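Visitor: Could you look at this predicted model? Sequence included:
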Amino acid sequence: MHPLYEEFLKLLENEDKEKCVEFIILKLDNKEINVPTLYSDILEPSLNLFYCDAEDEKLCIWKEHIRTSIIGTIIEICYPYLIKEKKERGIKSNQIKVLVGCPAEEFHDVGAKMIADFFTLYGFDAIYVGANTPRTEIRDAINTLKPKIIALSVTNYFNLMEAEKAISLIKEHTDFDGKIIVGGLAFMSNPEIYKKIGADIFVENYKDIQKLTGEV
């Protein structure tokens with residue numbers, strides 16, 4: 001685990017948005033951490049390893065929402081640092097469009113936002129269409145924007161069926177001939193299920209996306 005993780009987690013568990021944001025900005029400004037490492041080693045585990053010991057389950061729901069909201073704010077704030085890091089690495093735009101989003105009924109979109117940022121860092125034209133996107137809207141976006149890669153993030157296992165329907169619609173009612181990649185907690189218990197729903201590639205973490213960007 002990253003040395004800054006526990007320090008950040010304490011602030012996050014206290015639901016102190018201001019201190020969480022200040023902490024991350026300070027570390028980025030001091031170059032103690034870069035954006036990819038922040039996402040993969042601090043923000044992602046802060047979401048995935050969330051544990052609530054409250055007796056009332058309703059308390060856990062809003063606590064999780066607060067945590068997600070704080071992390072979402074940090075991701076938005078990180079965008080200028082991401083662009084700066086891209087320039088410092090000398091990464092040029094490759095003009096390849098990547099459509100990133102979540103299928104219908106999937107409201108957990110923090111992972112999708114991070115995926116979009118990873119692609120942006122590596123020179124792709126990442127277009128984030130948001131959470132809970134109906135499959136017909138995904139189809140229309142593809143027909144208009146002509147992306148070469150489609151990335152769908154699924155957190156809730158029960159939304160895999162909707163992801164499968166969206167992928168089926170893409171294949172049957174668009175001229176898309178690129179790669180469909182998927183990721184998210186919904187695949188963690190059975191990573192091979194991505195093949196069953198019609199996707200081409202499953203990405204588990206930042207390094208998978210890094211490898212993928214070098215292959216396109």
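Guide: Thanks, I have the structure now. Numbers count the residues shown, from 1 in each chain.
Visitor: from here on, contacts and neighbour counts on C-alpha atoms
Guide: OK.
Visitor: quick one, helices of this protein?
Guide: Along the chain, counting by DSSP state H, helices occupy 5-13, 17-29, 35-38, 44-48, 57-88, 110-121, 135-145, 160-173, 193-196, 206-215.
Visitor: Can you list the low-confidence ranges for the chain?
Guide: Flagging of the chain using pLDDT under 70 yields the residue ranges 49-60, 214-216.
Visitor: Mean neighbour count and distance to residue 127 for the helices of the chain - can I get that in CSV?
Guide: As requested, the helices of the chain are arranged in CSV below (neighbours: other C-alpha atoms under 10 Å; distance: least, C-alpha to C-alpha, whole Å):
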stretch, mean neighbour count, distance to residue 127
helix 5-13, 15, 29
helix 17-29, 15, 25
helix 35-38, 18, 18
helix 44-48, 16, 21
helix 57-88, 15, 14
helix 110-121, 23, 7
helix 135-145, 16, 9
helix 160-173, 18, 17
helix 193-196, 15, 22
helix 206-215, 13, 15
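Visitor: Let me have these in TSV, extended by distance to residue 184.
Guide: Compiled in TSV, these are given as follows (distance: least, C-alpha to C-alpha, whole Å):
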stretch	distance to residue 184
helix 5-13	21
helix 17-29	24
helix 35-38	17
helix 44-48	10
helix 57-88	15
helix 110-121	7
helix 135-145	18
helix 160-173	10
helix 193-196	11
helix 206-215	12
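Visitor: of these, which approaches residue 185 most closely?
Guide: In terms of C-alpha to C-alpha, the element of these nearest to residue 185 is helix 44-48, at 7.8 Å.
Visitor: what comes into contact with the closest one?
Guide: Under the criterion C-alpha atoms under 8 Å, 6 or more residues apart in numbering, residues 9, 67-68, 111, 185 lie in contact with helix 44-48.
Visitor: From those residues, pick the one nearest residue 90.
Guide: Nearest to residue 90 among the contacts of helix 44-48 is residue 111, at 25.6 Å by C-alpha to C-alpha.
Visitor: How about the contacts made by that closest one?
Guide: 44, 153, 184.
Visitor: So in the chain, which strand runs the longest?
Guide: In the chain, taking DSSP state E as the definition, the longest strand is strand 125-133.
Visitor: Go through it and flag the buried ones.
Guide: 125-131, 133 (16 or more other C-alpha atoms under 10 Å).
Visitor: For the closest residue to residue 134 other than its chain neighbours, give its distance to residue 20.
Guide: Nearest non-adjacent residue to residue 134, counting by C-alpha to C-alpha, 6 or more residues apart in numbering: residue 104, 4.7 Å away. Remark: distance between residue 104 and residue 20 (C-alpha to C-alpha, to the nearest Å) = 31 Å.
Visitor: again, but for residue 108
Guide: Distance, residue 108 to residue 20, using C-alpha to C-alpha: 20 Å.
Visitor: Many thanks, we can stop here.
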